[in-house]
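> Need the 3D shape of this:
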Amino acid sequence: MILFPAIDLKEGRCVRLVQGDMAQAIVFSDDPAAQAAVFEEQGFSWLHVVDLDGAFAGAPMNADAVDAILARTKLPVQLGGGIREMRTLEAWIAKGVSRVIIGTAAVRDPAFVREAARLYPGKIAVGIDAKDGRVAVEGWATTSSMTAEELGRRFEDAGVAAIIYTDIARDGILKGLNIEMTLGLARAVTIPVIASGGLASIEDVHRILEPDCALLAGAITGRALYDGRIDPREALAAIKRATGSAAADPAA
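Numbers count the residues shown, from 1 in each chain. The predicted structure follows:
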């Protein structure tokens, strides 16, 4: 079980959105690289980074901020947002990104995901963001007709390292993870599933350590870390006690 601290980038700054709404961006840091260094010092073993502007634009928009994060920390980084073609993906891997998250393109161009997973085993994740049970794309601005489970099953034999599942209705509002939907996806696929959207308290951390959540590979937390609702050392200690390790790779 890995707890991933989230760094969401908008106009070069570290922000959190409310239910994916760019108009409701709360700025938490003007220096994302410094924030990454803080997370490393606190004991986290991975970083989850999203280029929010890139997710809407369909191409990287916060490359300088991501470059600064990669230069500042030794932590492995999983990066999503605007990665919809092979040259973009290859450029990020060449720069040192440990895992690339493909979201919109997983719906629009599944062959791209399969080819990327073949070329870069262990380095490709699929981001599944759901609104009312349906997969959302284009920075969550558009909802498709596909369910999360349908999309997950599409890549069962592709060699994808992980699925990051986000319940958009929970994201950024500190109401707790949608455990039922997340476990439903985890039971439907053999790909490791990482939960996202709504993790708000140490109680939520304890919840994902209960036996029924053993299916999950990890969880992402953002706003609760920034506003102090979760003490990182307490959360990481709880995970270490429950699992025996705070640093294992969820896709291993």
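
> Quick check: Gly159 vs Thr190, distance?
11 Å (CB to CB, to the nearest Å). From N, CA and C alone the C-beta is placed, and that goes for glycine too.

> and those two? which has more neighbours close in?
With neighbours defined as other CB atoms under 10 Å, Gly159 and Thr190 compare such that Gly159 has more, 17 against 11.

> Could you find the closest non-adjacent residue to the more buried one?
Ala117 (4.1 Å; CB to CB, 6 or more residues apart in numbering).

> could you pull out the helices for the stretch 101-250 of the chain?
With DSSP state H, counting those that start in this stretch, the ranges of helices along the stretch 101-250 of the chain come out as 104-108, 110-119, 148-154, 179-188, 202-207, 223-226, 232-243.

> tell me how far the fourth one is from the chain's mean position?
Centroid separation between helix 179-188 and its chain, computed with CA atoms, centre = their mean, to the nearest Å, is 16 Å.

> For Ala33, list the residues it contacts.
Ala65, Ala68, Ile69, Ala71, Arg72, Thr73 (CB atoms under 8 Å, 6 or more residues apart in numbering).

> The residue nearest to Gly159 and Ile191: what is the separation?
For Ala117, the distance to Ile191 - CB to CB - is 10 Å.

> Just to be sure, which of the contacts of Ala33 are found in helices?
Ala65, Ala68, Ile69, Ala71, Arg72 (DSSP state H).

> Quick check, the third one in contact with Asp51.
Right, Ile69. No - if you go by CB atoms under 8 Å, Ile69 and Asp51 don't touch, sitting 10.9 Å apart.

> Could you report the neighbour count for Ala214?
12.

> Need the pLDDT of the residue lying closest to Asn62 once chain neighbours are set aside.
Of all residues not flanking Asn62 in the chain, Leu9 sits nearest, at 4.0 Å (CB to CB, 6+ apart). On the pLDDT scale, Leu9 is placed at 97.

> got the buried residues for stretch 188-196?
For stretch 188-196, a neighbour-count test (16 or more other CB atoms under 10 Å) marks Ala188, Val189, Ile191, Pro192, Val193, Ile194, Ala195, Ser196 as buried.

> No further queries at this time; thank you.
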